[in-house]
Structures are given as structure tokens and as C-alpha cells.
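Trainee: What shape does this take:
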Amino acid sequence: MRRFELTSAFLLVSILSTSLVFGQGTIYGDLEIRNDYYVRDSLIGASNTAQYDNLKSSVDAWLTVNYANPEWDFDASVRLDGFLHSNLFNPGREAYTGFGVGRFHLRKTINNLEITGGYIYDQLGSGLIFRAYEDRALGIDDALVGVRTDYKISEAFSIKGMAGMRKQRLGMDRSVIAATELKSFQSFGKEKDWNMSSGIAAVNRTLDQESMDAIVAIINSYPLDERFLPTYNSYAFSAYNQLNHKRWGWYLEGAWKSKDLQLVSLTEPLQFDPGSAFFTTVSYAKPGLGATMLFKRTDNFQSRSNPLGGETILNSAINFLPPANRQLSLRLPARYQPASQEIREMGLSLDVNWKINESMSLHGTYSQIHDLGATPGDFINDLLYARGSISGLNSGKAEGALLFKEVYLDVEWKHSKKWKGLYGMYYTMYNRLFYEGEGLAQTFVYSPFFRWTNRISRNVSMKYELQYQHTVDDFGQWIYGMVQLNLPPKLSFAISDMWNLQTGPNVLSVSEEGSKTGIHYYSIFMSYTEKQHRLSLNYAKQVAGIVCTGGVCRYEPAFNGFRVNLVTSF
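Mentor: Presented below is the predicted three-dimensional model:
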């Protein structure tokens, strides 16, 4: 594998050098360095890991160089990745060290055929059966290492095919993935105001022998009546359609998967079942008003390059299941976000944006997520209240159980040319027992929040945030406050405190004083920007919790220490 990386990098550098000599092109790139320093704090649980006890620091770095030559319809790229005692991939459990080629690609267009080789980022439809993407915040880099061809048959039709292996840190999984997609785009109607974009797609995953041997060994340990015959190949198919007409839009996608291994949890036997997924949105938009309704259903739709890769979506997933809830960036409300479920999930949401006038806008979201088996009556009942009496609800695993419910409402008010405010409330019913394996099946969370922005002058602005969160479960009650001073285009300063003023049953405090007075999670931040260079310094004390992006979640342990980040481009 290392020989493959070094050979590929050598060939890419050779091609780039040749291009510079014989052709006119552009070279550009970027560099990102993250440097963390760890300061032990047993009061919040920032202790007893390699970083806090021995290593004391970590570095993550990405250097990307791109080359583009429009005259040749050609571009290329190479990225070098470096990790020193990294806490990125498996926080709190592993200190990863490695250096190598993290990504490269060569892309050439010949008439209507585009050919790409190397590390490929792409998706089919909304990603239900295949998505290769990167999310550095979660340590995800799921490129497909292989070859892709994309042929434009006509103005209305195109066909795409790709094959390769899934990237795994600085290496690759051994299983082979092949995918194809046929897309069409058409406009019709007297005024050509009906637009339809459709597609059908298929994915085949073939297990390598080493993975199959491990699977067979596990199956042979089961009682005879629970054993089954696994297959090397699994297949997934999807069909989707986006229909737009004036102010209306409708997206619909359905997917089916052949019998495949499903790792429900590390404590349950492997399952061998077919799966299905359904996802649809209906949207309406006009000046001043927009609304989107979403519905999704997932049944045994776990899709991995290696079925034994782990019980979280982060490990070996080759597809993406869109979330049904609102995606939040606010510090306290974002603490309770549900992970998209691969095995059993059914959810709906309604999101509305209304611009009342030039000074005021209203935003609202309602979401509801159930385990499979919920009836229309269950959805209606849980719309009004959260059931607490259905059989098995306290286990968090009952058929049709309410897993998550949210009501989000905010008002954005422009008080004057210099003052703007955001005032909102967020209510959540979060099934901690189901999502985290501990706590109550019904954790009720109330989070009012406020934000003000004051533009003092052209080069000076202030931002203030105040948030409160109340729950009797988990960590208890919180207050969060932040003040930020911006001096564009170069300087920014911020100071914040997240105060666990009344600790709950899950608090990590080990001192009597901390339990009585609460725990403060301070943060002091500054950044300096000089042209394309940006340097940021941050002291942070961070609470442990689940961090989610787009329905993909992972546990982040508590952090205490300093962070130095450098981002630049050329």
C-alpha cells in the first residue's frame, strides 16, 4: 500500500512538472495546520488518555497543491497529510501518527468524456447508496480510490461509472466498490417552466478474502440454528427525481439493497437481511416565504466497505443517510442532536422561513423521529405530547417508540442600521437511552437563546450571545455567554463561558466543591488575518458530549488546553 502511494505521488509530480514545462496552467493550493496542547483537568474528565498523561500535544496538517490547464481540459491535485499523536480519528482512545499522500487526482476531458483517476469525491442522488466525502471536523475522509468516467451523451442525458476501494486514513480498505449512474435533465411545458432531473444508480461491493474469513469465524461461533451463509457481493439500487415548477419543488428517492451483513451493535449477533430506504422533500418558495417538508424511512440500510468496521457510521460507511432534524450551530441547543439510524428509523420535519417585513424574519422547525413501527396515529399522538406509557418505551428500543422531537423558533429583528438581534427558543425530547445507551428514554431539554450584533463603525463590530439550557437529566442546567470583538479585516477577539451551574446525574465532577458551585468551561480566542493567511489562538475548556454534522455523530471527550490553527492559501 505504501509503495502504491509513493509511486502515485511520483507519477503525479512528474506529470505536474511536465505540464509546467510544456503547457500554460495555474498552480494554487492551501495549507491547514492544527496544533493542540493538552492540560490535564480531572474535574471535567480531561485526563487518563495518552495526550494528557504523556504526549501533551498533537498536530494535524494538510498541504494541497493543485494544477489546472483549461486549454488542455486537464487538472491535477496532490495533498500531503501529516498526523502527530492525533486525537482526530478516535478521540480519547487513540493517538494516531502517520504521514503520507492523503489525496491525489488526475482529471482530463476528451470531447464529452471526463476521466478521473485517484481519490474521488462524489455521490449518487442524495447519497442513499453511495457518497464519498470529507468532513475534517469529524475525522471523515471517505474518498473512493480508483477511476471514474463521466460521459455526456447529449444535453439531456449523461452516464457515470466508477470503481475502486474506500480510503481508510492513509491506506485503503481491501473491499472493492463499483458504482454507476444514469442521469437525465428535461424541461417541458408551454413556457418550459417544468424542470425534471432524474436518475437511476447501482452500487456493488465485493468483500476481500480477509474480511470474509473474519465474518465466517464469527458466524461459526453462533448456535447452529442462528448460522447463515454470507455472500461476497452486495448490491444496492436507487431511483430519484427532482421536479421543479415555478415556486414548487419535489425531490423523491427510493433505494433497495440485497441481503447483506448488518452490525446492529457490538453485543448483538450479525444479521443478514435485505434493506430499503426512502427520502422525500416538498418545498415552496416565494419572496418573503419559504417552507420545506421532509420525510424519511430507513430499514436495514447499513452499507459498509467492511461490515465489521465498527458500529458507528464513521467506520467504513459507503453511503449517507440525510438527517430529519434541524442542523444547529448554537452552542447549547446543538448538544442534543440525533444520529441518523441505519437499521430502523422513520422521521418527518417541517421548516418555515417567513420575512415579515424589512426588519423582521421568523424561522421555525418541527421534527419528529421514531423507531420503525410507528403508525400515523403514533405520529399524531406524539405531535401533541410525548407518550410515556407504550410497552418497552423505557428500554428505548420499542417498535414505534418516539426517539427525538424538536420545536425550534427564532425571530431575527433588525432594530436599526447598527443593531440586529436574534431571539429564540429550542425544545427537545431526546431519547438518551437509545442514542447513547444510558440515561432516560425521555430527556426533555429547554434552551432559550439570544444573540445581538452591533456594528459600531465600518471597521468595528461586536457580537453578544446568551443561552440557557434546562434539563434534569445528563449534565443538568447550563448558562452560556459570549462576547466577540471584530476589527476587520485583520483581528477578532472572543471570550466565553459555559457554566454548568446546577450539575446533573451525569456530571463528571469528582470534587464536592465542583458539585456545589458548578463547573465553568472558559474559552479565550483571538485570530489574526494577513491577506490569505489566518492564524488563530484559543484556550478552551470543552465539555464531553456528542458532536453531530448532518446526522453523522461521534463522541467527543472533554478537552482542556490550547489550540493553535494556521490556514493559508497560495
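Trainee: Check the burial of residue 144 by counting its neighbours.
Mentor: As a burial measure, the neighbour count of residue 144 was computed by other C-beta atoms under 10 Å and equals 26. The C-beta positions use only the backbone N, C-alpha and C, and glycine is treated the same way.
Trainee: my read: it touches residue 122, true?
Mentor: Yes - in this structure, residue 144 is within contact of residue 122 by C-beta atoms under 8 Å, at 7.2 Å.
Trainee: can you list residues touching both of these two?
Mentor: 132, 162 (C-beta atoms under 8 Å, 6 or more residues apart in numbering).
Trainee: got the domain boundaries for the chain?
Mentor: In terms of domains, the chain is parsed into 1-101, 111-275+294-311, 322-570 (source: automatic domain parsing).
Trainee: what are the ranges of the strands in the stretch 451-570 of the chain?
Mentor: Counting by DSSP state E, counting those that start in this stretch, residue ranges of the strands within the stretch 451-570 of the chain are 460-469, 476-487, 491-503, 519-530, 533-542, 545-549, 552-556, 559-569.
Trainee: between those strands, which one is nearest to residue 322?
Mentor: Each of those has some distance to residue 322 by C-beta to C-beta; the shortest is strand 552-556, at 10.4 Å.
Trainee: Now do the closest one against strand 533-542, angle only.
Mentor: Angle, strand 552-556 to strand 533-542, by axes from the mean of the first three to the mean of the last three C-alpha atoms, to 10 degrees: 70 degrees.
Trainee: thinking again about what came up before, with mean pLDDT and distance to residue 284 added, can I get the domains of the chain in JSON lines?
Mentor: As requested, these are exported to JSON lines (pLDDT from 0 to 100; distance: least, C-beta to C-beta, whole Å):
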{"stretch": "domain 1-101", "mean pLDDT": "85", "distance to residue 284": "39"}
{"stretch": "domain 111-275+294-311", "mean pLDDT": "94", "distance to residue 284": "6"}
{"stretch": "domain 322-570", "mean pLDDT": "88", "distance to residue 284": "10"}
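Trainee: can you put the ones you listed in a markdown table and add distance to residue 287?
Mentor: Written out in a markdown table, the entries for those read as follows (distance: least, C-beta to C-beta, whole Å):
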| stretch | distance to residue 287 |
| --- | --- |
| domain 1-101 | 37 |
| domain 111-275+294-311 | 10 |
| domain 322-570 | 8 |
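Trainee: quick one: which of those domains is nearest residue 283?
Mentor: domain 111-275+294-311 (4.3 Å).
Trainee: coming back round to it: export the strands of the stretch 451-570 of the chain to JSON lines and tack on distance to residue 360 and mean neighbour count?
Mentor: Listed next are the strands of the stretch 451-570 of the chain as JSON lines, based on distance: least, C-beta to C-beta, whole Å; neighbours: other C-beta atoms under 10 Å:
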{"stretch": "strand 460-469", "distance to residue 360": "19", "mean neighbour count": "17"}
{"stretch": "strand 476-487", "distance to residue 360": "24", "mean neighbour count": "17"}
{"stretch": "strand 491-503", "distance to residue 360": "27", "mean neighbour count": "17"}
{"stretch": "strand 519-530", "distance to residue 360": "31", "mean neighbour count": "16"}
{"stretch": "strand 533-542", "distance to residue 360": "34", "mean neighbour count": "16"}
{"stretch": "strand 545-549", "distance to residue 360": "30", "mean neighbour count": "17"}
{"stretch": "strand 552-556", "distance to residue 360": "34", "mean neighbour count": "19"}
{"stretch": "strand 559-569", "distance to residue 360": "36", "mean neighbour count": "17"}
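Trainee: Direction included, what does the host helix or strand of residue 282 pair up with?
Mentor: Counting by DSSP states H and E, the secondary-structure element that holds residue 282 is strand 271-286. In its sheet, strand 271-286 lies beside strand 248-262 (antiparallel), strand 289-299 (antiparallel), with partners assigned from DSSP bridges.
Trainee: which one of these lies closest to residue 422?
Mentor: Checked against C-beta to C-beta, the stretch from the strands paired with strand 271-286 lying closest is strand 289-299, at 17.9 Å.
Trainee: And the contacts of that closest one?
Mentor: Counting by C-beta under 8 Å, 6+ apart, strand 289-299 makes contact with 275-285, 321-322, 324, 340-355, 372, all of which sit outside it.
Trainee: change it to 6 Å
Mentor: Outside of strand 289-299, the residues that reach it under the criterion C-beta atoms under 6 Å, 6 or more residues apart in numbering are 275-284, 321, 324, 345-354.
Trainee: So how do I select the buried members of those residues in ChimeraX?
Mentor: For the buried members of the contacts of strand 289-299, the matching ChimeraX selection, counting by 16 or more other C-beta atoms under 10 Å, is:
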select :275,277,278,279,280,281,282,283,321,324,345,346,347,348,349,351,352,353
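Trainee: hang on, the earlier thing: now distance to residue 76 too, for the strands of the stretch 451-570 of the chain, in a markdown table please.
Mentor: A markdown table is the format used below for those (distance: least, C-beta to C-beta, whole Å):
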| stretch | distance to residue 76 |
| --- | --- |
| strand 460-469 | 41 |
| strand 476-487 | 38 |
| strand 491-503 | 35 |
| strand 519-530 | 29 |
| strand 533-542 | 25 |
| strand 545-549 | 29 |
| strand 552-556 | 30 |
| strand 559-569 | 17 |
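Trainee: For residue 24, find the nearest of these.
Mentor: Each of the strands of the stretch 451-570 of the chain was scored for nearness to residue 24 using C-beta to C-beta, and the closest is strand 559-569 (21.2 Å).
Trainee: That closest one relative to strand 533-542, how many degrees between them?
Mentor: Angle, strand 559-569 to strand 533-542, by the same axes, to 10 degrees: 160 degrees.
Trainee: Identify whichever of the strands of the stretch 451-570 of the chain lies nearest to residue 29.
Mentor: Taking C-beta to C-beta as the criterion, strand 559-569 is the member of the strands of the stretch 451-570 of the chain that comes nearest to residue 29, at 6.9 Å.
Trainee: Need the contact partners of that closest one.
Mentor: Everything outside strand 559-569 that qualifies as a contact, by C-beta under 6 Å, 6+ apart, is 30-39, 41, 46, 532-539, 541-542.
Trainee: Residue 103 looks like it's in a helix, true?
Mentor: No - secondary structure assignment places residue 103 outside any helix; it is strand (DSSP: H, G, I helix; E, B strand; the rest coil).
Trainee: what sits opposite it in the beta ladder?
Mentor: Residue 103 forms beta bridges with residue 79, as assigned by DSSP bridges.
Trainee: and the gap between the nearest residue to residue 439 once chain neighbours are set aside and residue 362?
Mentor: Of all residues beyond its chain neighbours, the one nearest residue 439 is residue 432 (3.3 Å), with distances taken as C-beta to C-beta, 6 or more residues apart in numbering. According to C-beta to C-beta, to the nearest Å, residue 432 stands 31 Å off from residue 362.
Trainee: Helices of this structure, residue ranges please.
Mentor: Taking DSSP state H to define them, one finds helices in the chain at 2-22, 50, 209-219, 376-384, 432-436, 512-517.
Trainee: ok, residue 337 touching residue 547?
Mentor: No - contact between residue 337 and residue 547 fails when scored by C-beta atoms under 6 Å: they sit 8.3 Å apart.
Trainee: Run through the residues that contact residue 128.
Mentor: Going by C-beta under 6 Å, 6+ apart, the list of residues near residue 128 reads 238, 253, 255, 277.
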